[in-house]
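Colleague: my questions are about this predicted structure, shown below with the sequence.
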Amino acid sequence: TILYQRANALLCIAASIFPDWQLLPGDEEELEDMSKYGDVMVDQMGESKVMASIAALRHMGYDIPVKDQGIEVRALLPQSKSKEIIQRGDIIISAGGDRVRSAVELQAVLKKWPEDERIPVIFRRGSETFEYNLSLIPYRGRRIIGFRPRDYLKVGELPVNIDINNYYINGSSAGMMFAL
C-alpha cells in the first residue's frame with residue numbers, strides 16, 4: 001500500500017518502528033497531483049469492469065471487437081513542458097515515427113529516444129490531427145512527455161448487459177479480479 005501525504009511526527013515514529021514502512025521525499029507538485037489519485041483509481045476500475053465484461057463475453061463465445069485508438073491524455077502533470085500544446089482528451093497516435101497503441105508502447109519509444117532531443121508526436125483532438133516536437137521530462141527514473149496516459153480503446157455495443165458492483169473496491173489492480 002502506498003500512502004501519499006505529508007509526514008508528521010507520528011508517521012516518522014511509526015516508520016522507525018515498522019521495518020516495512022518507508023518515508024520517501026516528495027515535492028509539493030507531486031502531492032498536489034496525487035490528491036486526484038482517488039479519481040484516477042475510480043476511472044481505472046471502470047475500465048477494468050469493461051475489460052472483465054469483454055473477457056467474460058468472449059469466454060461465452062461472443063465476438064466482441066476492441067479497436068485500439070492510441071493513448072488518451074487523462075491529465076497533464078504540473079511540470080510538463082508540453083502543457084501549452086497537448087490537452088486533456090487528446091489522443092496520441094504516434095511518437096518518434098512509430099505508431100503507438102498503448103501506454104506501454106509509448107514508454108518503450110520514449111525510453112530509446114535520445115536524451116535532450118524533442119520527440120515528434122502526432123495526436124488527434126476531435127476531428128483534427130496535429131504534429132509537434134515535444135520535450136521530455138525526467139519523472140521517477142524515466143523520461144515522459146508529462147501527462148497521465150490511458151489506453152484509448154473503442155468498444156462496440158455489448159450484446160448482454162453485465163453489471164459489476166464493486167462496492168468500495170477500486171483501482172486498476174483490484175479490477176483484475178473481475179477478469180479472473
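Modeller: Yep, it's here. Numbering: from 1, shown residues only.
Colleague: in this structure Arg88 contacts Ser80, no?
Modeller: No: using CB atoms under 8 Å, Arg88 is not in contact with Ser80; the gap is 11.4 Å. C-beta coordinates here come from the backbone N, C-alpha and C atoms, glycine included.
Colleague: which one's more surrounded, these two?
Modeller: Using other CB atoms under 10 Å, the more surrounded residue of Arg88 and Ser80 is Ser80, with 21 against 11.
Colleague: got the contact list for the more buried one?
Modeller: By CB atoms under 8 Å, 6 or more residues apart in numbering, Ser80 lies in contact with 86, 137, 145-147.
Colleague: neighbouring strands for the longest strand seen in the chain, and are they parallel or not?
Modeller: Ordering each strand of the chain by length in residues (DSSP state E) puts strand 66-76 first. Strand pairing for strand 66-76, using DSSP bridges, gives strand 91-95 (antiparallel), strand 147-155 (antiparallel).
Colleague: so how far is Asn165 from the nearest residue to Trp113 once chain neighbours are set aside?
Modeller: Once flanking residues are discounted, Trp113 sits nearest to Ile119: 5.2 Å by CB to CB, 6 or more residues apart in numbering. Using CB to CB, to the nearest Å, Ile119 is found at 42 Å from Asn165.
Colleague: and the helices in this protein, which stretches?
Modeller: Counting by DSSP state H, the chain has helices at residues 9-17, 28-34, 37-59, 103-112, 172-179.
Colleague: lowest-confidence stretch among those?
Modeller: Looking at these, the lowest mean pLDDT belongs to helix 28-34 (a mean of 50).
Colleague: so of the strands paired with strand 66-76, which one's packed in deepest?
Modeller: strand 91-95 (a mean of 20; mean count of other CB atoms under 10 Å).
Colleague: quick check: angle from that one to helix 103-112?
Modeller: Counting by axes from the mean of the first three to the mean of the last three CA atoms, to 10 degrees, strand 91-95 points 40 degrees away from the direction of helix 103-112.
Colleague: what's strand 91-95 in contact with?
Modeller: By CB under 8 Å, 6+ apart, strand 91-95 touches 69-73, 86, 99-100, 106, 109-110, 119-125, 129, 145, 149, 152.
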